[in-house]
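A.B. asks: got a predicted model here, sequence first, then my questions.
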Amino acid sequence: MRRLRNVKIVATLGPASNDYKTIRALFEAGADVFRLNMSHGSHAEIAERHKIIRQIEVDVGRPIAILADLQGPKLRVGTFARGEEEMEEGQAFRFDLDTAEGDATRVNLPHPEIFAVIEPGSDLLVNDGKIRLKVQDCGPDFADCTVTVGGTISNRKGVNVPDVVLPLAALSEKDRADLEFVCDLGVDWLALSFVQRAADVEEARTLVRGRAAVLSKIEKPAAVKAFDEILAVSDGVMVARGDLGVEMPVQNLPPIQKRLVRRTRAAAKPVIVATQMLESMIESPVPTRAEVSDVATAIYEGADAVMLSAESAAGQYPVEAVTTMNNVAIEVESDPTYRDTISASRRIEHHSIADSIVAAAREIAETSDIKVICCFTESGTTASLVARERPHVPIIAMTSEANVSRRLCLTWGTHNVATGPVLRFKDAVVNAARVARDYGFATTADMILITAGVPFNVPGSTNILRVAPCDERLIFRTDPE
């Protein structure tokens, strides 16, 4: 099965999509990566969904990536004697460490870490930012605030503190247990929530021990400020606009999204744009025009993937949501403006032999009658570098490592094929020609381009490029050795 687009689709699984029939329908509609949200579902339920995905992978004969998304620390208020209270603009309200039930004047906030770093003038946001308060006075066990945006506050609503870096690790005890479980299970990507600094990612990488690629969710202002350092130690990035939009003015999100996508792409790492992309399709079979434009914008920007959350996990139309996203992607990528935009956003930062090889591969493919670029990749680096160039022609990523083939399902434009070990470059050329024909990318009358690293099976050694006929008889005739 060959996708007719380059951007990848991530679909979250949940109550609306937890059986073989539905998950396979999501794959056939266009999902390339399945997200397991560790905030919901028991380990047994997560394991069952993982098992189903791997069975579908066998049945369709194509690698499928699985992304486990850790919950991260949750900051919440305590409980109220009456369950909820109304807060009006201008009123005084206190958060404290007193465990007594709250009332109209105060409530427990069981997070001394917050009191340790806030100061007068800091903002506290409750219930996804629907209620806003400004700190007037504070100490190690209290914060006296003034309500700036009122509303109904109720039991255990979430709290955001946008102005400060909280002295909290990105991994809670639950996250650590979940991390071990999903890594042993065999997921391909691990998404890390509540990232504030590069050290958060490095801690997770130490615990993962190479069993999965680590993807940092950018959902806090501190992460935006420290983005370059976070990107350097991450395997990929998710622009998580939901939480980011709570803690920052919403008008800041579009330029931040554009900057983060471009910087991640320049680093040859995959970037996902996520949250509320087709939100109305939770209850409607048809999205709004604004949502379609939002998906299209991420694709025009060159994002590696776009993601569905509740739309596919809990919505009434999960398959329709994936189908819609797939159709939007195909239409956008067929627009001549898309190619112009992608080319204009390409950053020329070539510092190595591998960078120069893949840049030359794109240039040759786009100025000659080349049908496909075939990459032999041990670690995924060669395919990622080629994908960074966003070539006009398809990319086939060939590797003997099943986990690499799966991880590359998140990388723009790659059609991933698991092959046997290759020891000689001539064998690589022959294999590339056969795969290009078998998957319908070229015929024996066409020319293909091959990139690889010699000697083989050495990660990060991309150093060779060859244009060859897609006919092994001609390959053997012109290169008998």
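C.D. replies: Received it, and whenever you're ready, just let me know what you need.
A.B. asks: report the contact partners of E88.
C.D. replies: The contact partners of E88, by C-beta atoms under 8 Å, 6 or more residues apart in numbering, come to V147, G150. All C-beta spots, glycine's among them, are computed from the backbone N, C-alpha and C.
A.B. asks: please report phi then psi for it.
C.D. replies: Torsion angles at E88 (phi, psi; degrees, to the nearest 10) stand at phi -110, psi 150.
A.B. asks: would you list every one of the strands in the stretch 101-250 of the chain?
C.D. replies: 106-108, 123-126, 131-139, 142-149, 151-154, 159-160, 189-192, 213-218, 236-240 (DSSP state E, counting those that start in this stretch).
A.B. asks: ignore the last one, the stretch 251-400 of the chain
C.D. replies: 271-274, 305-308, 370-376, 395-399.
A.B. asks: number of residues surrounding the closest residue in space to N160 that isn't next to it in sequence?
C.D. replies: Nearest non-adjacent residue to N160, counting by C-beta to C-beta, 6 or more residues apart in numbering: L125, 4.1 Å away. Around L125 there are 18 other residues, counting by other C-beta atoms under 10 Å.
A.B. asks: surely L125 and G245 touch.
C.D. replies: No: counting by C-beta atoms under 8 Å, L125 does not reach G245; the two are 11.1 Å apart.
A.B. asks: closest one to E57 among the strands of the stretch 101-250 of the chain?
C.D. replies: Of all the strands of the stretch 101-250 of the chain, it is strand 189-192 that lies closest to E57, at 14.9 Å by C-beta to C-beta.
A.B. asks: one step back: could you export the strands of the stretch 251-400 of the chain to JSON lines, including columns for mean neighbour count, mean pLDDT and distance to P221?
C.D. replies: Below are the strands of the stretch 251-400 of the chain laid out as JSON lines (neighbours: other C-beta atoms under 10 Å; pLDDT from 0 to 100; distance: least, C-beta to C-beta, whole Å):
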{"stretch": "strand 271-274", "mean neighbour count": "27", "mean pLDDT": "98", "distance to P221": "17"}
{"stretch": "strand 305-308", "mean neighbour count": "26", "mean pLDDT": "98", "distance to P221": "21"}
{"stretch": "strand 370-376", "mean neighbour count": "26", "mean pLDDT": "95", "distance to P221": "37"}
{"stretch": "strand 395-399", "mean neighbour count": "26", "mean pLDDT": "95", "distance to P221": "35"}
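A.B. asks: redo the ones you listed as a markdown table? Include distance to S461.
C.D. replies: Rendered in a markdown table, the data for the strands of the stretch 251-400 of the chain read as follows (distance: least, C-beta to C-beta, whole Å):
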| stretch | distance to S461 |
| --- | --- |
| strand 271-274 | 25 |
| strand 305-308 | 27 |
| strand 370-376 | 10 |
| strand 395-399 | 14 |
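A.B. asks: ends of stretch 267-277, what's the gap?
C.D. replies: The stretch stretch 267-277 measures 25 Å between its terminal residues, going by C-alpha to C-alpha, to the nearest Å.
A.B. asks: correction: the previous question concerned stretch 155-171.
C.D. replies: According to C-alpha to C-alpha, stretch 155-171 extends 24 Å from its N-terminal end residue to its C-terminal end residue.
A.B. asks: per-residue confidence averaged over that stretch?
C.D. replies: On average, the pLDDT along stretch 155-171 is 91.
A.B. asks: go through the strands of the stretch 101-250 of the chain and name the closest to E366.
C.D. replies: Comparison of those against E366 by C-beta to C-beta identifies strand 236-240 as nearest, at 26.0 Å.
A.B. asks: give me the residues contacting the closest one.
C.D. replies: Contacts for strand 236-240 (C-beta under 8 Å, 6+ apart): 189, 191, 193, 213-219, 230-231, 256-257, 260-261, 264, 269-275, 303-304, 307, 410.
A.B. asks: on that earlier part again, and of the strands of the stretch 251-400 of the chain, who's closest to L423?
C.D. replies: strand 370-376 (11.3 Å).
A.B. asks: what is the closest one packed up against?
C.D. replies: On a contact count with 3 or more C-beta pairs under 8 Å, 6 or more residues apart in numbering; DSSP states H and E, strand 370-376 meets helix 353-367, helix 381-388, strand 395-399, helix 425-438, strand 447-453.
A.B. asks: tabulate the ones you listed in TSV, adding columns for distance to D32.
C.D. replies: As requested, the helices and strands packed on strand 370-376 are exported to TSV (distance: least, C-beta to C-beta, whole Å):
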stretch	distance to D32
helix 353-367	22
helix 381-388	13
strand 395-399	13
helix 425-438	18
strand 447-453	22
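A.B. asks: am I right that P112 is in contact with F95?
C.D. replies: No: distance between P112 and F95: 11.2 Å, which falls outside the contact criterion (C-beta under 8 Å).
A.B. asks: tell me which of those two has more neighbours.
C.D. replies: Between P112 and F95, F95 has the larger neighbour count (other C-beta under 10 Å), namely 28 against 11.
A.B. asks: name the SS class of the more buried one, please.
C.D. replies: Here F95 is recorded as strand under DSSP: H, G, I helix; E, B strand; the rest coil.
A.B. asks: not counting sequence-adjacent ones, nearest residue to it?
C.D. replies: F95's closest residue in space is L109 (C-beta to C-beta, 6+ apart), at 3.9 Å.
A.B. asks: if we can go back for a sec, JSON lines for the strands of the stretch 101-250 of the chain, including distance to A44?
C.D. replies: As requested, the strands of the stretch 101-250 of the chain are exported to JSON lines (distance: least, C-beta to C-beta, whole Å):
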{"stretch": "strand 106-108", "distance to A44": "33"}
{"stretch": "strand 123-126", "distance to A44": "33"}
{"stretch": "strand 131-139", "distance to A44": "36"}
{"stretch": "strand 142-149", "distance to A44": "40"}
{"stretch": "strand 151-154", "distance to A44": "31"}
{"stretch": "strand 159-160", "distance to A44": "31"}
{"stretch": "strand 189-192", "distance to A44": "19"}
{"stretch": "strand 213-218", "distance to A44": "25"}
{"stretch": "strand 236-240", "distance to A44": "26"}
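A.B. asks: wait, which of the ones you listed is closest to V454?
C.D. replies: When those are compared by C-beta to C-beta, strand 213-218 sits nearest V454, at 25.4 Å.
A.B. asks: longest helix in this protein, by residue count?
C.D. replies: For the chain, the helix reaching the highest residue count under DSSP state H is reported as helix 43-60.
A.B. asks: which residues touch that helix?
C.D. replies: Contacts for helix 43-60 (C-beta under 8 Å, 6+ apart): 1, 13, 18-20, 23-24, 27, 34, 36, 38, 41, 63-64, 66, 68, 178, 181-182, 185-187.
A.B. asks: give me the buried positions along it.
C.D. replies: Within helix 43-60, the residues that qualify as buried by neighbour count (16 or more other C-beta atoms under 10 Å) are I46, R49, H50, I52, I53, I56, E57.
A.B. asks: nice, that's everything, thank you.
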